[in-house]
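Asker: could you look at this predicted model? Sequence included:
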Amino acid sequence: MKAFDNSFEPEVGKYYLVQCARYKHAYLEDVDVCTVPVIGEAHNDKQFGVNEDHYHIDGRFTTRKENNLFNINGGYTNAIIGVNTTKFVRVFIEIVYEKRKCKRTTTGILPPRHAKAYWDWRSSMTGKKVKDGICPHRGVKMHDKGDVLVCPLHGLVACKKKNEIIELESL
């Protein structure tokens, strides 16, 4: 089975070989090492205050147990797995690949409304040009959702007619 590469949107109900982060709990020695599906590469988001390298949890492939653990509701979470940092409760070990069933089309990237720096950054992306369906933020292939393209990494939305990032309310 070929590893899933995020260049297309997976089909709900099908199995894929997906990238998962092995991690452990930072403070509890007796907690087992676990895995959770993640999307994209490790990166930081200094533009909205996340200076530490991290992975985003991919809500399309999470289990019911992971949904409860990471407070994922409908595929959305603001939880991340930190890399080379002690700032986060969950400590990254390595990337592994696991066969996972696609449960939904939402990737899970949705910070809370009170994350002002994120929402200000997102607004600042409005009008940025999208070329060949590639998100201008991190160069990720955006998914076709009819009249719009959606970035699976940070959820930016682009108008296909204008080839530019739009505000969510513009939908």
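Answerer: Thanks, I have the structure now.

Asker: what's the helix or strand bottoming out on mean pLDDT in the chain packed up against?
Answerer: None of the helices or strands of the chain scores lower by mean pLDDT, DSSP states H and E than strand 80-82, at a mean of 82. Applying 3 or more C-beta pairs under 8 Å, 6 or more residues apart in numbering; DSSP states H and E, one finds that strand 80-82 makes contact with strand 50-57, strand 90-101. (C-beta placed from N, C-alpha, C; glycine too.)

Asker: relative to residue 113, which of the ones you listed is closest?
Answerer: strand 50-57 (16.6 Å; C-beta to C-beta).

Asker: the closest one vs strand 90-101, what angle?
Answerer: 20 degrees (axes from the mean of the first three to the mean of the last three C-alpha atoms, to 10 degrees).

Asker: worst mean pLDDT among the helices and strands packed on strand 80-82?
Answerer: The minimum mean pLDDT among these belongs to strand 50-57 (a mean of 87).

Asker: and it, which strands flank it?
Answerer: Partners of strand 50-57 in the sheet, by DSSP bridges, are strand 34-45 (antiparallel), strand 80-82 (antiparallel).

Asker: on contacts alone, who are the packing partners of the biggest helix by length in the chain?
Answerer: Assignment by DSSP state H gives helix 116-124 as the longest helix of the chain. Using 3+ C-beta pairs under 8 Å, 6+ apart as the contact test, no helix or strand touches helix 116-124.

Asker: could you point out which element follows that helix?
Answerer: The element immediately downstream of helix 116-124 (helix or strand, assigned by DSSP states H and E) is strand 143-145.

Asker: pLDDT of that next one, averaged?
Answerer: On average, strand 143-145 scores 86.

Asker: now it, how far from the centre of its chain.
Answerer: 15 Å (C-alpha atoms, centre = their mean, to the nearest Å).

Asker: circling back to that earlier point, list the buried residues in the longest helix of the chain.
Answerer: Within helix 116-124, the residues that qualify as buried are 118, 121-122, counting by 16 or more other C-beta atoms under 10 Å.

Asker: would you list the residues you listed in a markdown table and tack on pLDDT and distance to residue 141?
Answerer: Formatted as a markdown table, the buried residues of helix 116-124 follow (pLDDT from 0 to 100; distance: C-beta to C-beta, whole Å):
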| residue | pLDDT | distance to residue 141 |
| --- | --- | --- |
| 118 | 84 | 22 |
| 121 | 88 | 21 |
| 122 | 86 | 19 |
